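Asker: dropping the sequence and predicted coords here.
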Amino acid sequence: MTDIMPIDVLILGAGGGGYPAAFFLAKAGLSVVMVDPIGNLGGDCLAEGCVPSKAVREGALARAMSRKYTYFGLNGSTPSVDWQGVLVHKDRVQNARYTQHTQEIAESSVVFHKGTGRIIGEHEAEITIDHEENLSYRFRYLIAATGSRPHILSIPGAELAITSHHLFRLGADLSMPQRLAVLGGGYIGAESASMLDHLGVKTTILEMTDQLMPGADPDLRAYLTRRLGARVDLMLNATVTAITTVPGGLQVSYRRDGKDLTLEADAVLMATGREAVRPDGIGAIGIPGTGAIIVDTTMRSAVPHVYAPGDINGRSMLFHSAVRQSMVAAHNILAGGQPVDRMNFHGVPYTVFTEPEIAWVGLDEPGAIAAGFTVGSGRYDYLTDTRALIYDETDGFIKLVFDTTTDVLLGAQIAGLDAAQVIAPLALAVHSRTTAATLGNMVFPHPMITEGINKAARQFRP
């Protein structure tokens, strides 16, 4: 019988929800074991998500910039695309980060296993290492940070589609499609369509609602629908019913405006969201349900010694949010389970790396009104922004939403150039309950888009 090794903390998953807590708790003197099937840090973000996708995206943007050469007074042709070269660049970035993470593991006291974990008791787990050796641990605390996976539509032929895994995984060997059908107009679908269009792929998005980015601020949704719709084919209000093989490729069947229609493509990207992955056996120890694990703002689940930061709880499925959630769980574990730290989901910035970008944080106007606030707003349009003029990107805006009773910033929405960068100081402002007066008096560098924060705040409260 395998000996059961006692430890302080077992962490299942080495992505953003797992490894920040692991290193912090190990430095504090606790015995920590971390398990992940990838065998390194970063989770899906580094393996097949935000890091490799942005490496491909930046290559696409570099190519797209050549179309503006004449605007800058330059001459030259648009570069041809070496798809394998693009993938090599992506792999180079991934491998560099994996090398750095390997060093981090080696320099820590965290015991790291490449494998999977199964909960076999309230405080016990069995770890299978590389499908061979089994180890048993008795833990005081469990951090379940097993993340998420692509959601697959329950339609005939779904297995014929690819996901972000096939497109962005390390060592991806997928041929560059000439015609791509993207199922879903959320951030994964919109980002993928945007970057591949710039690489010369004829792209069609099929989205079942009437605009891209369901659930986002209405102005942001309308903006992205208009801007991306000018570059790629948008089939809105389209319900996909099947995928089948046809000579030369695939056929997507969908229903739109009461009609049954079809679309042919070389590849079909399933971009219909992500779903939580629960550790095996966790339901047997009192974690209810089958999907995302419900947690409070301390990251604690229904079982007091079990914490579930990151995608697994479904509350904010973003790497940077998972990192903060991981630290919240770590702080509370180090305090013996006392709630010394809490997650502020309201202050998490969201970024969509289409071209152009959109980003937001906190409440939009409809959300703030629904929450019972008396709302006012200030808006800054890129039309008069110097940096936007320099780049010929004057179609964009910054919108700030305030509580008129306290003048505190409740949320912000940005569309256009540098949105993903500009949202960062506004996320800090939302988190710290900054007022319009402070934002209006803050000095931002010129000529940068952040100057618009001043002007939007002063439009609300001169």
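Answerer: Nice, I can see it. Numbers count the residues shown, from 1 in each chain.
Asker: contacts, neighbours, all on C-alpha from now
Answerer: Noted.
Asker: how about the contacts made by residue 94?
Answerer: Applying CA atoms under 8 Å, 6 or more residues apart in numbering, we find residue 94 in contact with 46, 47, 51, 52, 170.
Asker: residues near the fourth one, how many?
Answerer: Residues lying near residue 52 (other CA atoms under 10 Å) number 24.
Asker: I figured it hits residue 88, correct?
Answerer: No - Residue 52 is not in contact with residue 88 according to CA atoms under 8 Å; the separation is 10.5 Å.
Asker: shouldn't residue 443 be within a strand?
Answerer: No - using DSSP: H, G, I helix; E, B strand; the rest coil, the assignment for residue 443 is coil, not a strand.
Asker: list the contacts for it?
Answerer: Per CA under 8 Å, 6+ apart, neighbours of residue 443: 451, 454.
Asker: from residue 174, how far out is it?
Answerer: Per CA to CA, to the nearest Å, residue 443 is found 48 Å from residue 174.
Asker: cool, and residue 414?
Answerer: From residue 414 over to residue 174 (counting by CA to CA), the distance is 34 Å.
Asker: comparing the two, which residue is more hemmed in?
Answerer: More crowded of residue 414 and residue 174, by other CA under 10 Å: residue 414, with 27 against 15.
Asker: so what's that one up against?
Answerer: Residue 414 neighbours (CA under 8 Å, 6+ apart): 220, 358, 359, 360, 396, 397, 398, 399, 422, 423.
Asker: that older thread, just the contacts of residue 94 now: which is nearest residue 434?
Answerer: Closest approach between the contacts of residue 94 and residue 434, by CA to CA: residue 51, at 31.2 Å.
Asker: what segments of the stretch 301-450 of the chain are helices?
Answerer: 319-334, 365-370, 386-391, 419-431, 436-441 (DSSP state H, counting those that start in this stretch).
Asker: which one of those helices is the most hemmed in?
Answerer: helix 319-334 (a mean of 24; mean count of other CA atoms under 10 Å).
Asker: got a list of contacts for that one?
Answerer: 15-22, 24-25, 28, 45, 141, 143, 298-300, 307-311, 316, 338-343, 348.
Asker: convert the C-alpha atoms of that helix to CSV, please.
Answerer: C-alpha atoms of helix 319-334 as CSV (Å, rounded to 0.1, in the frame of the first residue of the first chain):
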residue,chain,number,x,y,z
PHE,A,319,-5.5,34.8,-16.4
HIS,A,320,-4.8,38.1,-14.6
SER,A,321,-7.9,37.6,-12.6
ALA,A,322,-6.8,34.1,-11.7
VAL,A,323,-3.5,35.3,-10.4
ARG,A,324,-5.1,37.7,-8.0
GLN,A,325,-7.7,35.1,-6.9
SER,A,326,-4.8,32.7,-6.3
MET,A,327,-3.1,35.2,-4.0
VAL,A,328,-6.4,35.8,-2.1
ALA,A,329,-6.7,32.1,-1.5
ALA,A,330,-3.0,32.0,-0.3
HIS,A,331,-3.4,34.9,2.1
ASN,A,332,-6.5,33.3,3.7
ILE,A,333,-4.8,29.9,4.0
LEU,A,334,-1.8,31.4,5.6
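Asker: that helix: how far from the chain's middle?
Answerer: Offset of helix 319-334 from its chain centre (CA atoms, centre = their mean, to the nearest Å): 17 Å.
Asker: likewise for stretch 86-106?
Answerer: With CA atoms, centre = their mean, you get 19 Å for stretch 86-106.
Asker: can I get that stretch as PDB, trimmed to CA atoms?
Answerer: Listed next in PDB are the C-alpha coordinates belonging to stretch 86-106 (Å, rounded to 0.1, in the frame of the first residue of the first chain):
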ATOM      1  CA  VAL A  86       4.400  32.700 -37.700                       C
ATOM      2  CA  LEU A  87       4.000  29.400 -35.700                       C
ATOM      3  CA  VAL A  88       7.700  29.200 -35.100                       C
ATOM      4  CA  HIS A  89       7.600  32.700 -33.600                       C
ATOM      5  CA  LYS A  90       4.700  31.600 -31.400                       C
ATOM      6  CA  ASP A  91       6.600  28.500 -30.300                       C
ATOM      7  CA  ARG A  92       9.700  30.600 -29.500                       C
ATOM      8  CA  VAL A  93       7.700  32.800 -27.100                       C
ATOM      9  CA  GLN A  94       6.100  29.800 -25.400                       C
ATOM     10  CA  ASN A  95       9.300  27.900 -25.000                       C
ATOM     11  CA  ALA A  96      11.100  31.000 -23.600                       C
ATOM     12  CA  ARG A  97       8.400  31.300 -20.900                       C
ATOM     13  CA  TYR A  98       8.500  27.600 -20.200                       C
ATOM     14  CA  THR A  99      12.300  27.800 -19.700                       C
ATOM     15  CA  GLN A 100      11.800  30.700 -17.300                       C
ATOM     16  CA  HIS A 101       9.100  28.800 -15.400                       C
ATOM     17  CA  THR A 102      11.200  25.700 -15.100                       C
ATOM     18  CA  GLN A 103      13.900  27.800 -13.300                       C
ATOM     19  CA  GLU A 104      11.200  29.300 -11.000                       C
ATOM     20  CA  ILE A 105      10.200  25.800 -10.000                       C
ATOM     21  CA  ALA A 106      13.800  24.700  -9.400                       C
END
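Asker: for the most centrally placed residue in the chain, which non-adjacent residue is spatially closest?
Answerer: Closest residue to the average C-alpha location of the chain: residue 318 at 3.9 Å, with CA atoms, centre = their mean. Distances taken as CA to CA, 6 or more residues apart in numbering place residue 311 nearest to residue 318, at 7.0 Å, with adjacent residues excluded.
Asker: from residue 17, how far off is that neighbour?
Answerer: 8 Å.
Asker: what residue ranges in the chain score low on pLDDT?
Answerer: 1-2 (pLDDT under 70).
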